Every structure is written in C-alpha cells, then in structure tokens.
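J.: predicted model and sequence below, questions to follow.
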Protein chains: 2
Amino acid sequence: LQRLFCFCPADLVGDDAAVLSVPPTRSLVITTDVLVDGVHFSDRTTAPADAGWRAAAANLSDLAAMGAMPLGITVGLGVPGDVTVAWIEQLYQGLTACLQTYDTSIVGGDVCRSPVITVSITAFGAVEPTRIIRRAAARSGDAIVVTGKHGAARAGLELLLHPATGEGLSSTDRASLIQAHQRPKPRLDVLPLLWKTLETQEFRVAGMDSSDGLADAILQICRASGVGARVDRSRIPMPSGLQQWVQTEQALEWALYGGEDFELVLCLPPALAESLVQSLVQNLGTGAAIVGTLTPTPEVWLVDALGNAPPVALDLAKGFQHFGA
Amino acid sequence: LQRLFCFCPADLVGDDAAVLSVPPTRSLVITTDVLVDGVHFSDRTTAPADAGWRAAAANLSDLAAMGAMPLGITVGLGVPGDVTVAWIEQLYQGLTACLQTYDTSIVGGDVCRSPVITVSITAFGAVEPTRIIRRAAARSGDAIVVTGKHGAARAGLELLLHPATGEGLSSTDRASLIQAHQRPKPRLDVLPLLWKTLETQEFRVAGMDSSDGLADAILQICRASGVGARVDRSRIPMPSGLQQWVQTEQALEWALYGGEDFELVLCLPPALAESLVQSLVQNLGTGAAIVGTLTPTPEVWLVDALGNAPPVALDLAKGFQHFGA
C-alpha cells in the first residue's frame, strides 16, 4: 500500500478519507465500475498498463457522457498473493498515464487480498447544473451526432486475438486500430466545444457514450426519451483501413455493436448539430459526423441512403444475428 | 441490475453517472473499501444483510473520522453465477438499512460476474473545510477521548465462532456483544456535539476511527502528529459483561487490538476533552471517556494508574504477542 501512495497526490493521503473541493456552483457527478480478471480483461490481449488505462478511460468517458470534467478517481484493488508488485505498479502506471492526460489523478484507494484480480473504480466530476447531459433529453427532429469513428476498438481486439489477420492493412492503420483498443480516449475534449456551440442557446443535449456500442447508445437514448431514430449506415464514420480489410457488413457490425470506442453520441437540433460537427472537425480533427435523425415513433431503423440495402430495425437482442459474419 | 435499482433514489439512476449537489461551502470527502468473501466476511459468521450493514458502517465511519456527514455511497458488486438474487437483495437490504439510519443512500453502482463475491464501496461526505479532522493535528498535552466502549465487536465475533463460550454472560450482554459485531454503529452522531463543544474555539481536533483497533488508532495519530502517548489501561471503557467472561488481559487485548468497534479516537486540549466527554455521555449515553494523554516523546505507553501492572510499550507489530491469551 505504501508503494502505491506514490501514485497519489501527497496532500490527499494519510487520513481515513481524501478531501477535495468541488467548485461552488457545480454539481457532483459520480460513476463506478468493477473490472474482473478473465471477465473484463485478460493477460492474453491486455498488458496491466493497458488494463489500467482502459479502466480509467471507461470511467472518464462516463463523466464526459454526463458533461462533467473530472475531479479524481478512487481505486479499489483486490489481488491474489501470486500477483507481483511489478504487475500492480504497471496497472497504476496505466491508470495514472490516462488520468494525467486529462489533468486528474487517483485521490484514494484500498488494496486487499482476493482470489481474483478485481479493479473497482469510482470517478467523480463536476458539472454546471445547467449543462448536465442526460439520456432522456432528446426530442424528435434532433440530429444524432457521433464525436468520432466507430468499430476501431473491436477491430483492434480482433488483431490482438488473431495476429495473422488483417494482412492488407498498412502498418499505420494496424497500429492505430490496436491503439484504439488498448488506449481508448475518453472524449472530455468535446465538452468545451459543445458548451461554445450552445453558449447563446438554451442548453439542451441528450447523450451518452458509446462504450457498449453505437447501436446501444442510440437505442438507450431513444428509449429514455420516448423517440425513435433513422440511422444512415453510409454516414457512420469508420476507421481508415477497416473497409479494405473486412466486408462492409462485418465493419458495420463492429461499428454498431463492437463497443469500447468511448465516443459520445449527442442529440441536438440539426442546425446546432451541424455547428458542433464543424467545430469538432476543425478543432480536434476527429471523424465527427451526423449519422441520423430522431423520429416521433419509437422504432430505430438502420437505413441506406444509397439504396444498396433494405432498412433494418436495430435491436440489441437481435443485433448480432442481423450482422453476424 | 434492474431489480437493484429499487434500492436507489429514482432520480439518480438511468444515466451514465449519478448527480449530487455538494453544499457550496463544503469540501468533498471520499473514502473507498473493497470487501472480499472469505477475506473480510464469511457466511459462517455473517448473514448477507449483516455483511451489507458492516460494509456501509465501515465507510460511514471513515467519513465520521474526517468530520464529514454522508452524501451517499456507490456499490460495485462482483458475484459468481451461483449466488442467488435473494442473497444479493439481502446484502442491499443490509446496506440500505444502515444508510437510512444516517439519512443517506446508494447513489450508483455496478454489478458484474466474478469468481468471488466482492463488494466495493465508495462513500462521499461533506465537511466545512475548517472542521476537517486529521490524524496529524494532535499536540503534546492533548487528552485522548474515545467515543465509546472497545472490545465489543471482537467479543461478539468470539461468541459467533464459539457459541458454547460465554456461559456466564447474561442474555442481554450476549445479544449486545453479537449486535456490536453484526451491526456496528458509525459515530456520525458525535459530530454535532463535537462542533458544539468547540464552537467558541479555534477548531483543532486530531482523530481517526478505531476500525483497526484502539491501539492502531492511537499509534497512527501519534505517528502522524510526531507525538507519543500514555494510555491508562484502567480508563479504557469496555462493554458490560466482558470482564466477567474473560480474564482482564484478554479483555484488554480485544479492546486494544480487536478492531471493528468503529468508535472515534479524538485528541484535543484537556478542558475541551472533558466538556466533550460530558456532552457525549449526557446526550448519547455512550461509554465515552478520556483514556490518556499525548506526550512530547514518540513512545506510546500503556500504563496502569492503579499500579497493578508494569508499563508496556504499545506496538502494532508486537501487539498480539504482548496480550496473547
């Protein structure tokens, strides 16, 4: 435990609890995740530093999805007796590497014996109460914005599981897909541009992150808001190289259902959505795009503006059957 | 997961994270604990509802030890496939029963598969920045106040492990010792009385909780504050019945090293310490007492004002040998 203290700011440890100040006008946003070895990560595809990075990124992404900037995280770690200190240190290095990128840190924690490696993270952030992003705030007619490309994390996992595949990929594309899986980036950088886009407007954005897949995010927002959607398959941004490597339907499956891309899916009026996408592309160079429109009836359709495929109802239960390779 | 939502306030679930407001002038206090089946609790001595209560109590006690009142907790749960929904519901019932006693609640969580039951709790509280209780704030000359009796939780565990022991105990004493183990009470009730005692003074109190034992708490405060202590063995308050049941040295070992009593150990100037103890006894009827004094040299001595035993240096590493039965 003493050795891990070096990963915490010095003034925050040594008492029964950590003390942080929350800016006076902000609300506190809290999210928590439990990751278990063999269930959420495995040594086969994930070095401990990458497991740490991804765990931190997933929690920061949940904060971003609420419109909140991070204040810190706590880490509860359960480790079997045969795990080396080096393994644990690498996990914490991955955690702190991700946190430092977003100017935040580990503010507390607990380490104990456990038969299985378990990493429990709770992240806290602060948000102006008027700028909270909720799933239930979408309205029919809103455009659906994605802040970046989808399918990269799932494609990267495929390359790690089956290194012999993806022969046709350039080495840059290959590295970038693997990076998308190992070191995903929570989209906290989107928030200031979102605030700027909406600064003269009433702030109304519905949204969540696409950690469980783009299809899941759209369906959850629609369900929470009592609307439906038409999503144009040709407008879903996908990573470079993916469509040369795998068939279109496979690429689309990864983009819609692969998960762990940690982009934001935001619903707002079309004119504002256009401004936001323009701002994101100009300032961050991402693959941000409008991928569809919300409709009054509750169905969520995947349509093809180019006319090459019939409309398909998106459904989480059926998702994989529709797009199975 | 849906079934567990009924344990959370309705307005706090359904998004990627929970939103709470922190009173504007307060600091945020955060503490986290990981509990693992077989390590921190076991079905042999602990029903799931009791495991839940104790987990919540331990975290609320950490908040009390910092001087903070609770805002809420998050619960991350890892469960094997063979754990019943009834078991999980009972765990949450125990958690919420404890939280409700202190006007707080579960504000978020995560449930996942794990080979071993793991309960990760992060608790949040709020404190006026001038009223934070820290370990390092003690000064030589301060009196050491304990807010209640020690040894009860360890004695209760003994009764659960060896039901045939403790024949001489009255049924009331027996039930009360078992209760102390199964349903310990975090001492959040002490805080308003502490604030009142110090309201005309500069607020300076050092302290922590006695979750790892009274000896540990005194040693930690002394180490953090660069002082020593003389603790009078005859003044350590112990539960009714304990000294009739076991020998004095055994009772003292449980009081000093048993742990999980979740009382507060507070160091403050003698006159204020006297007022605080009086206020606690009058208002809460606890076994609060002054058990010793802080000294300029770093040693922590257990002394015997009655002259029946020689002074012993308290030492966590040696503790159990000194007092072994």
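T.: Received, thanks.
J.: in space, what's closest to A:Val291 - neighbours in sequence excluded?
T.: A:Arg235 (4.8 Å; Cβ to Cβ, 6 or more residues apart in numbering or on different chains). Every C-beta, even on glycine, is put in place using the N, C-alpha and C of the backbone.
J.: distance of A:Ser105 from A:Leu99?
T.: 5 Å (Cβ to Cβ, to the nearest Å).
J.: the two: who's more crowded?
T.: A:Leu99 (24 against 17; other Cβ atoms under 10 Å in any protein chain shown).
J.: what about the more buried one, distance to B:Ser279?
T.: 43 Å.
J.: mind listing the strands for chain A?
T.: For chain A, the strands defined by DSSP state E occupy A:18-21, A:27-36, A:69-79, A:106-113, A:118-127, A:143-146, A:206-209, A:228-232, A:264-268, A:289-295, A:300-303, A:312-313.
J.: of those strands, which approaches B:Asn308 most closely?
T.: Of all those, strand A:106-113 sits nearest to B:Asn308, with 39.3 Å by Cβ to Cβ.
J.: that closest one packs against which elements?
T.: The contact analysis (3 or more Cβ pairs under 8 Å, 6 or more residues apart in numbering or on different chains; DSSP states H and E) places strand A:106-113 against strand A:18-21, strand A:69-79, helix A:85-101, strand B:27-36.
J.: elements contacting the third one?
T.: In other words, helix A:85-101. helix A:48-65, strand A:69-79, strand A:106-113.
J.: least reliable of the ones you listed going by mean pLDDT?
T.: Ranked by mean pLDDT, those bottom out at strand A:106-113, with a mean of 88.
J.: give me the buried positions along that one.
T.: Neighbour counts over strand A:106-113 (16 or more other Cβ atoms under 10 Å in any protein chain shown) mark A:Ile106, A:Val107, A:Gly108, A:Gly109, A:Asp110, A:Cys112 as buried.
J.: try stretch A:268-286
T.: Buried-residue list, stretch A:268-286, by 16+ other Cβ under 10 Å: A:Leu268, A:Pro269, A:Leu272, A:Ala273, A:Ser275, A:Leu276, A:Val277, A:Ser279, A:Leu280, A:Thr286.
J.: save those residues as TSV, and put in pLDDT and distance to chain B too.
T.: Shown next, in TSV, are the buried residues of stretch A:268-286 (pLDDT from 0 to 100; distance: Cβ to the nearest Cβ, whole Å):
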residue	pLDDT	distance to chain B
A:Leu268	97	17
A:Pro269	97	21
A:Leu272	97	21
A:Ala273	98	20
A:Ser275	97	24
A:Leu276	97	19
A:Val277	98	22
A:Ser279	97	23
A:Leu280	97	20
A:Thr286	78	20
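J.: surely A:Gly166 touches A:Glu158?
T.: Yes: here A:Gly166 reaches A:Glu158: they are 7.5 Å apart, a contact under Cβ atoms under 8 Å.
J.: how far away is the residue of the stretch 151-300 of chain A found nearest chain B from A:Phe262?
T.: Distance from chain B to each residue of the stretch 151-300 of chain A (Cβ to the nearest Cβ) is smallest for A:Met208, at 5.4 Å. Noted for A:Met208: a distance of 11 Å to A:Phe262, by Cβ to Cβ.
J.: quick one, which of the two is more surrounded?
T.: A:Met208 (27 against 24).
J.: and that one, what pLDDT?
T.: So A:Met208 comes in at 96 (pLDDT).
J.: what of the one 3 residues further on?
T.: pLDDT for A:Ser211: 93.
J.: next, the buried residues of stretch A:300-316.
T.: A:Val300, A:Trp301, A:Leu302, A:Val303, A:Val312, A:Leu314.
J.: which among those residues gets closest to chain B?
T.: Nearest to chain B, judged by Cβ to the nearest Cβ, of the buried residues of stretch A:300-316 is A:Val300 at 18.2 Å.
J.: ok, A:Val281 touching A:Ala288?
T.: Yes: the criterion here is Cβ under 8 Å, and A:Val281 meets it with A:Ala288 at 5.6 Å.
J.: skipping its backbone neighbours, what lies nearest A:Ala97 in space?
T.: A:Ala97 sits nearest to A:Trp53 (Cβ to Cβ, 6+ apart), 6.1 Å away.
J.: please report how far that neighbour lies from A:Ala123.
T.: 14 Å.
J.: neighbour count winner among these two?
T.: A:Ala123 (30 against 25).
J.: now do the residue of the stretch 101-250 of chain A found nearest chain B: how many residues are near it, please.
T.: At 3.3 Å from chain B, A:Ser120 is the closest residue in the stretch 101-250 of chain A, using Cβ to the nearest Cβ. Per other Cβ under 10 Å, the neighbour tally for A:Ser120 reads 32.
J.: what sits opposite it in the beta ladder?
T.: Beta-bridge pairing for A:Ser120 (DSSP bridges): A:Val34, A:Gly76.
J.: any idea how far B:Tyr102 is from it?
T.: From A:Ser120 to B:Tyr102 the distance is 22 Å (Cβ to Cβ).
J.: before we move on, what about A:Asp216?
T.: From A:Asp216 to B:Tyr102 the distance is 36 Å (Cβ to Cβ).
J.: on that earlier part again, need the overlap of contacts for A:Ser105 and A:Leu99.
T.: Common contacts of A:Ser105 and A:Leu99 (Cβ atoms under 8 Å, 6 or more residues apart in numbering or on different chains): A:Ile73.
J.: residue contacts, the residue nearest to A:Pro23 when sequence neighbours are not counted?
T.: Spatial nearest neighbour of A:Pro23, excluding adjacent residues (Cβ to Cβ, 6+ apart): A:Ala126 at 5.7 Å. Residues in contact with A:Ala126 (Cβ under 8 Å, 6+ apart) are A:Val22, A:Pro23, A:Arg26, A:Ser27, A:Leu28, A:Val29, A:Ala68, A:Met69, A:Leu71.
J.: for the third one, grab the count of nearby residues.
T.: It stands for A:Arg26. 19.
J.: that one is in contact with A:Arg131, isn't it?
T.: No: using Cβ under 8 Å as the test, A:Arg26 is too far from A:Arg131 to be in contact (9.4 Å).
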